[in-house]
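Asker: Sequence and predicted structure, then a few things I'm wondering about:
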Amino acid sequence: IVIKADGLAAGKGVFLPESKEEMNETLDDLLNKSKLGESGNSVLVEDRIYGKEVSVFCFTDGKNYSKPIAICDYKRVFDNDLGGNTGGMGCYTPPEFWSKELEEFTIKKIIEPTINAMQEKKSTFKGILYTGLMITNEGPKVIEYNCRFGDPECELIMPMYDGEILDTLMEVADS
């Protein structure tokens, strides 16, 4: 399973217990000992999925969207995904597994339906849409959405950006 604090936790609110004992200890730390303060007062317990994780970013004015940028960040403090989660220790792009086919699938099956669903619900979003994906053997699965640049991913996005970022942000906001 995966245990996730149901609040902002500076990138440190996801726990991947390897045993029932570790699961119980994590839940006790969050719910009884307030390890993450109010962020851990409520938790999500979900099925754990396996695969490569990637963050996909695009600008949207609520109808249109920019070409997505795929970035992988280093989540855990030690090599080979050992140790606790961090707020982000660096990143790289493009991911070695990112392909034109995966990008097209992500656009058609995830980004466009997400933007369309927000419009239908009268909850249009304008800004940077950050979609966290796990690339599983069954295909991409959404693990989170954010409405912001990721940290440290923003450190890669800004140098790649061709133009004036303020102009783009104002255009998105005013559309």
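Answerer: That came in fine, so what should we check first?
Asker: As a quick check, tell me the outermost residue of this structure.
Answerer: Farthest-out residue of the chain from its mean C-alpha position, per Cα atoms, centre = their mean: residue 21, at 27.9 Å.
Asker: and that one, what element?
Answerer: In this assignment (DSSP states H and E), residue 21 forms part of helix 20-31.
Asker: helices and strands around the following helix or strand past that helix, which ones?
Answerer: For helix 20-31, the succeeding helix or strand toward the C-terminus, using DSSP H and E, is strand 43-46. Counting contacts by 3 or more Cβ pairs under 8 Å, 6 or more residues apart in numbering; DSSP states H and E, strand 43-46 packs against strand 2-5, helix 20-31. Placement of C-beta: from N, CA and C, glycine included.
Asker: Give me the distance between residue 127 and residue 149.
Answerer: 10 Å (Cβ to Cβ, to the nearest Å).
Asker: Residue 165 now?
Answerer: 10 Å.
Asker: who has more neighbours, these two?
Answerer: Each of residue 165 and residue 149 has its neighbours counted (other Cβ atoms under 10 Å); residue 149 has more, 16 against 11.
Asker: In three-state terms, how would the more buried one be classified?
Answerer: Here residue 149 is recorded as coil under DSSP: H, G, I helix; E, B strand; the rest coil.
Asker: and what of residue 119?
Answerer: Under three-state DSSP, residue 119 comes out as helix.
Asker: how far is stretch 94-110 from where the chain is centred?
Answerer: Per Cα atoms, centre = their mean, to the nearest Å, the displacement of stretch 94-110 from the mean C-alpha position of its chain is 15 Å.
Asker: Retrieve the pLDDT associated with residue 85.
Answerer: For residue 85, the model assigns a pLDDT of 69.
Asker: Using PDB, write out every CA atom in the lowest-mean-pLDDT helix or strand in the chain.
Answerer: Ranked by mean pLDDT, DSSP states H and E, the weakest helix or strand in the chain is strand 82-85, scoring a mean of 73. Written as PDB, here are the backbone C-alpha positions of strand 82-85 (Å, rounded to 0.1, in the frame of the first residue of the first chain):
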ATOM      1  CA  LEU A  82      16.100   3.700  -0.500                       C
ATOM      2  CA  GLY A  83      15.500   6.100   2.400                       C
ATOM      3  CA  GLY A  84      12.700   8.500   3.000                       C
ATOM      4  CA  ASN A  85      11.100  10.900   0.500                       C
END
